[in-house]
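[1] fold the following.
(one chain, ligands or ions: 1)
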Amino acid sequence: MLRLLIVVCALATLAQCQFNTNMWDNRDTMVHLFEWKFSDVADECERFLQHKGYGGVQLSPVSENAIVDKRPWWERYQPISYNFGTRSGGESEFADMTKRCNAVGVRIYVDVILNHMTGNWGQITGTAGSTADSAIKSYPAVPYSAPDFNSDCAITDYNNAENVRNCELVGLRDLHQGSEYVRGKMVDFLNKLVNLGVAGFRIDAAKHMWPGDLEVILGRVNNLNTDYGFPSGARPYVYQEVIDLGGEGISAKEYTHIGAVTEFKHSAEIGRVFRGKDQLTYLNNWGTGWGFLPSDVAFIFVDNHDNQRGHGAGGADILTYKDSKQYKMAIAFMLAHPFGTTRVMSSFAFDDTDAGPPADGNGNIISPGINYDDTCSNGWVCEHRWRQIYNMVGFRNAVKGTELNDWWSNGAQQIAFCRGGKGFVAFTNGGSINQDMQTCLPAGTYCDVISGGLVDGQCTGKTVNVGDGGMGYVSLEENEDDGVLAIHVNAKL
Ligand code: AAO
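    Numbers count the residues shown, from 1 in each chain. I've put the predicted structure just below:
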């Protein structure tokens with residue numbers, strides 16, 4: 001399907017070719033380093049992400065935001081200008097990061113806020129020193145003034161597309177993307193990022209903008225900067241945040257011709273299933289069979305920075321680092337399955353759902369510390385450094401380009417499947433598996449990358465002996481730390 005899209009793109013205008021993630025061929029997954037500083041992201045690309053096969057990083061918003069009392073994480077979703085200068089760093093740190101990450105094959109994706117500016121707080125100051133009078137919608141550092149905005153009606157009816165797109169989301173000053181002047185400012189901002197080496201954008205609150213306006217704005221953005229290793233003519237990857245769990249006036253499908261779209265049904269359903277509220281056996285038609293968007297436009301995740309803390313959509317079934325066994329199983333399934341473009345969440349620990357990232361007394365973000373066993377300290381959870389998660393990123397890379405085959409299930413809470421002749425995975429969410437199974441792999445001994453991993457040629461976890469014909473004895477006990485076993489061609493002894 002992606003190949004078809006590329007052909008269609010080649011025939012159509014360049015503006016429509018925003019579906020390719022621009023990752024290196026042997027990589028497939030991005031990680032959201034939520035609230036990380038640019039200098040820490042750069043270090044992480046070099047010391048960890050490249051070695052584990054991560055293909056990219058999603059940053060928190062990079063444009064200057066209003067400073068909000070007590071420094072909640074969500075202040076970053078209130079832009080006051082398009083200048084650099086947030087708690088993650090300024091332009092020089094950003095430029096150093098894109099240079100260093102691209103050099104080791106890790107792409108950078110920026111979360112851009114085009115829908116709105118700040119809430120109505122009256123006179124405000126931003127993280128890079130700009131000031132604004134949000135009461136009269138005056139943002140001199142762009143500059144924007146009242147005529148650049150829609151009226152101050154509130155979003156009250158998600159069944160009414162006009163209300164959702166022309167009114168204010170939680171009181172945030174709502175920009176009018178139909179205006180040529182406003183479009184120009186946005187294109188300049190996006191081009192500044194492209195020039196500095198980014199590979200694409202998350203479009204925040206895309207649902208609250210008219211698809212026709214977004215199409216024009218994104219269509220005017222330059223091709224990616226070849227100085228950072230992108231082929232000439234490459235378009236920025238675009239994934240639009242459109243929450244569509246069904247039953248509202250706006251559908252995700254209105255945006256799929258522009259780029260990929262966040263598939264929140266995936267997040268909601270995978271949480272429900274791995275919490276045991278559904279049977280794994282029903283995952284046999286995972287994807288469009290569950291009402292999701294087509295694979296090539298579906299941008300998927302188990303949790304995101306909103307729904308891990310009760311914002312956004314998905315409700316109480318969303319799995320997070322707080323339910324670690326089920327969470328790791330859901331992520332393993334997402335990464336083992338061919339469906340969608342995947343993102344792994346990397347969080348800071350929180351109890352208070354408003355709390356910002358680990359910071360010192362002056363509000364400066366504290367860097368994650370790195371422990372001897374690869375995990376993080378200083379309040380950072382670093383799910384992307386959990387062995388079961390990064391090893392499944394490696395699994396996804398190893399099986400890239402294959403389909404799912406040889407589906408097996410016990411008719412209830414146990415499943416297994418192959419990815420071509422390159423990988424095999426088994427799951428149990430109830431009962432033990434102890435039997436011969438078709439792994440589809442060439443004969444040999446394989447290291448289970450969940451209970452351990454291949455370290456200096458030695459397997460630190462369980463092994464599976466595969467005989468001629470692909471059969472191997474699989475043992476996965478109900479009471480093991482993780483309800484998953486995964487083997488692949490790059491972890492053969
Ligand atoms: C903050 C304060 C506000 C204050 C405001 C202005 O919290 O009290 O009024 O500042 O000063 C983030 C935070 C917000 C924060 C904002 C600005 O989450 O709390 O407001 O920064 O600082 C909608 C949007 C979606 C949005 C999501 C949070 O459609 O775009 O709300 N996500 C993005 C970002 C997010 C950010 C913003 C947008 C703003 O990811 O971090 O906000 O830049 C329904 C609709 C959804 C809607 C939800 C929540 O969902 O379908 O479109 O999301 O409601 O309002 C079931 C349904 C599901 C439904 C859900 C919740 O699951 O199936 O459809 O229930 O009812």
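
[2] list the contacts of the closest residue to residue 204 other than its chain neighbours.
    If you skip the residues right next to it in sequence, residue 204 has residue 113 as its closest partner in space, 4.6 Å away by Cβ to Cβ, 6 or more residues apart in numbering. (Each C-beta comes from the backbone N, C-alpha and C, glycine too.) Taking Cβ atoms under 8 Å, 6 or more residues apart in numbering, we find residue 113 in contact with 61, 63, 77, 79, 204, 205.

[3] show me where the stretch 301-450 of the chain has its helices.
    Taking DSSP state H, counting those that start in this stretch as the criterion, the stretch 301-450 of the chain contains helices spanning 324-336, 387-398.

[4] show me what the first one is packed against.
    Helices and strands in packing contact with helix 324-336 are listed as helix 264-272, strand 341-346, helix 387-398, strand 423-428, strand 484-488; criterion 3 or more Cβ pairs under 8 Å, 6 or more residues apart in numbering; DSSP states H and E.

[5] mind putting these into a markdown table with mean pLDDT, distance to residue 35 and mean neighbour count?
    Compiled in a markdown table, the helices and strands packed on helix 324-336 are given as follows (pLDDT from 0 to 100; distance: least, Cβ to Cβ, whole Å; neighbours: other Cβ atoms under 10 Å):
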| stretch | mean pLDDT | distance to residue 35 | mean neighbour count |
| --- | --- | --- | --- |
| helix 264-272 | 98 | 20 | 24 |
| strand 341-346 | 98 | 10 | 24 |
| helix 387-398 | 98 | 19 | 24 |
| strand 423-428 | 98 | 32 | 26 |
| strand 484-488 | 98 | 29 | 27 |
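
[6] among those, which is nearest residue 50?
    Shortest distance between residue 50 and the helices and strands packed on helix 324-336, using Cβ to Cβ, is found for helix 387-398: 11.6 Å.

[7] pull the number of nearby residues for the nearest residue to residue 465 once chain neighbours are set aside.
    In space, and not counting its chain neighbours, residue 465 is closest to residue 445: 5.3 Å by Cβ to Cβ, 6+ apart. One way to gauge burial is a neighbour count; for residue 445, by other Cβ atoms under 10 Å, it gives 13.

[8] what does the one 4 residues further on give?
    Residues lying near residue 449 (other Cβ under 10 Å) number 30.

[9] ok, it touching residue 395?
    Yes: counting by Cβ atoms under 8 Å, residue 449 sits close enough to residue 395 to count as a contact (6.3 Å).

[10] could you redo the helices of the stretch 301-450 of the chain as TSV and give each row distance to the ligand?
    Supplementary listing: those in TSV, determined by distance: least, Cβ to the nearest ligand atom, whole Å:
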stretch	distance to the ligand
helix 324-336	18
helix 387-398	22
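
[11] mind putting the ones you listed into a markdown table with distance to residue 357?
    Shown next, in a markdown table, are those (distance: least, Cβ to Cβ, whole Å):
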| stretch | distance to residue 357 |
| --- | --- |
| helix 324-336 | 20 |
| helix 387-398 | 20 |
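
[12] ok, which of the ones you listed comes nearest residue 361?
    Across those, residue 361 has its closest neighbour in helix 324-336 (30.9 Å, Cβ to Cβ).

[13] just the mean pLDDT for that closest one, thanks.
    When pLDDT is averaged over helix 324-336, the result is 98.

[14] repeat that for stretch 108-118.
    Averaging the model's pLDDT scores along stretch 108-118 yields 98.

[15] how far does it sit from the chain's center?
    Chain-centre distance of stretch 108-118: 15 Å, with Cα atoms, centre = their mean, to the nearest Å.

[16] as CSV, could you dump the C-alpha coordinates of it?
    In CSV, the C-alpha atoms belonging to stretch 108-118 read as follows (Å, rounded to 0.1, in the frame of the first residue of the first chain):
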residue,chain,number,x,y,z
ILE,A,108,13.6,14.3,14.7
TYR,A,109,9.8,15.0,14.6
VAL,A,110,8.4,18.2,16.1
ASP,A,111,5.1,18.6,17.8
VAL,A,112,3.8,21.8,16.2
ILE,A,113,0.9,23.9,17.5
LEU,A,114,-0.9,25.7,14.7
ASN,A,115,-4.4,25.6,16.0
HIS,A,116,-4.0,28.3,18.7
MET,A,117,-1.9,30.5,20.9
THR,A,118,-2.3,30.8,24.7
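
[17] residue 96: neighbour count?
    Residues contacting residue 96 under the criterion other Cβ under 10 Å number 15.

[18] ok, which stretches of the stretch 101-250 of the chain are helices?
    Using DSSP H, counting those that start in this stretch, the helices found in the stretch 101-250 of the chain span residues 161-166, 180-195, 211-219.

[19] report the angle between the longest one and helix 211-219.
    For helix 180-195 against helix 211-219, the angle between stretch directions is 40 degrees (axes from the mean of the first three to the mean of the last three Cα atoms, to 10 degrees).

[20] cheers, nothing more for now.
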